[in-house]
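A.B. asks: Build me a structure from this.
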Amino acid sequence: MPDTQFQRPEIIRPPSEWRSYFLPLTSGCSNNTCTFCRYYGSKLRIRDVDDVKREVGALAFFVRGGGYLPGTPEEVYAIGRGWDGKRIFLQDGDALVYPFPKLTEVLEHVGLKLPFVQRIGAYATAQDILRKSPAELAELKRLKLGILYLGVESGDDEVLRNTAKGATSQQMIEAGRRVKEAGILLSVTVLLGLGGVPGSERHAGETAKVLTEIDPDYAGALTLTLVPGTPLFDECQRGAFVPVSPFESIRELADILAKSELTNCFFSSMHASNYLSIRAKLPEERNHTIAEINHVLAQGDPSQLRAEFLRGL
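C.D. replies: Residues are numbered from 1 along each chain as shown. Model prediction:
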């Protein structure tokens, strides 16, 4: 049921969505058990569809003539002032969990009120995607859902189990393929260091295998940042989880690039959590990028890495 006490969530978005309008459909995440995630233990809240449509209408009124409608939250105008007018990003942690009939109703309303919008994007879990039929995904594509962001995190089933990700590597592959078959762009994220020191090599190798099987349009590497209050942080505090070093995380990055076979993918580690930032068009720039990473590893100079105090979620 819609939550009458729905509160607008903090903006958490992919780096590429920085000029988008952030339209909340949910807050929290349906898969709130991931032991490493800031959404751990969060309550999923579903926003009333009429409330969403009122916001879309207020945004349309604002961008067309600069007018303000009574009762509209100031956030609508604050975000609207910096909006590029082209893209909308649906919040929150997995907006694709929003009930399908209501999701189509929202997207149809966006098309009516903001016909100039070119692309709509959202985070999605593998479970969200697999609950949608190919026909439903095709319908969302028709309504301008143009990109989904899937957190694969690891291709190692043991790591996925230990971190309570809620999906197997095979389910990640099936979900990714279903998105691509619908003609929706797919951006996946992997999490360097998630296997800890003992599982580092296997985590990188199995993750490369899953990336190869999915063959996404975009792939981004983040580096594990332990969040106070999460089970993985507690495991680390008592010595049950041994985190990799900055250079070990970079070695995982090199291994993933070396062992994955991607046919047309833009790969990056530009996120603020990473110690080393790379951008590469794969497969064309793979060897050159691996050589750059290996040069940094051979130097072993911490000054070449992002300082710890500059890293962020």
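
A.B. asks: what residues does stretch 194-211 touch?
C.D. replies: 36, 152-159, 163, 169, 172-173, 188, 190, 193, 219, 224, 241-244, 248, 251-252, 255-260, 262 (Cβ atoms under 8 Å, 6 or more residues apart in numbering). C-beta here means a position set from N, CA and C on the backbone, and glycine is covered the same way.

A.B. asks: Filter these down to the ones in helices?
C.D. replies: Of the contacts of stretch 194-211, the ones assigned to helices by DSSP state H are 157-159, 169, 172-173, 248, 251-252, 255-259.

A.B. asks: Buried ones only from the residues you listed, please, as a PyMOL command.
C.D. replies: Burial among those is assessed by 16 or more other Cβ atoms under 10 Å; the matching PyMOL selection reads:
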select buried, resi 157+159+169+172+173+248+251+252+255+256+257+258
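
A.B. asks: would you turn the ones in helices among the contacts of stretch 194-211 into a markdown table with distance to Ile12?
C.D. replies: Below are those laid out as a markdown table (distance: Cβ to Cβ, whole Å):
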| residue | distance to Ile12 |
| --- | --- |
| Asp157 | 27 |
| Glu158 | 27 |
| Val159 | 23 |
| Ser169 | 25 |
| Met172 | 21 |
| Ile173 | 25 |
| Glu248 | 27 |
| Arg251 | 28 |
| Glu252 | 24 |
| Asp255 | 28 |
| Ile256 | 24 |
| Leu257 | 26 |
| Ala258 | 31 |
| Lys259 | 30 |
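
A.B. asks: now for the ones in helices among the contacts of stretch 194-211, which pair is the farthest apart?
C.D. replies: Ile173 and Glu248 (26.3 Å; Cβ to Cβ).

A.B. asks: dump the residue contacts of Asn274.
C.D. replies: Neighbours of Asn274 in contact, by Cβ under 8 Å, 6+ apart: 192, 221-223, 249, 253, 306, 311.

A.B. asks: So which of those residues wins on neighbours?
C.D. replies: Leu192 (30 neighbours; other Cβ atoms under 10 Å).

A.B. asks: number of nearby residues for Arg54?
C.D. replies: Neighbours of Arg54 (other Cβ under 10 Å): 16.

A.B. asks: isn't there a helix covering it?
C.D. replies: Yes. Residue state for Arg54 (DSSP: H, G, I helix; E, B strand; the rest coil) corresponds to a helix.

A.B. asks: So which residue is dead centre in the protein?
C.D. replies: For the chain, the residue nearest the mean C-alpha position is Tyr149 (4.4 Å; Cα atoms, centre = their mean).

A.B. asks: Let's see which of the contacts of Asn274 end up in strands.
C.D. replies: Residues of these located in strands (DSSP state E): 192, 221-223.

A.B. asks: Helix, strand, or coil at Tyr123?
C.D. replies: Tyr123 ends up strand, using three-state DSSP.

A.B. asks: That one: what's it in contact with?
C.D. replies: 14, 92-96, 148-151.

A.B. asks: any idea which of the residues you listed is closest to Asp128?
C.D. replies: Leu96 (3.9 Å).

A.B. asks: residues contacting that closest one?
C.D. replies: 103, 122-125, 128-129, 132, 148.

A.B. asks: just the strands in the stretch 1-150 of the chain please.
C.D. replies: 21-24, 26-27, 45-46, 87-91, 119-124, 145-153 (DSSP state E, counting those that start in this stretch).

A.B. asks: Give me the distance between the two termini of stretch 25-45.
C.D. replies: Length of stretch 25-45, first residue to last, Cα to Cα, to the nearest Å: 9 Å.
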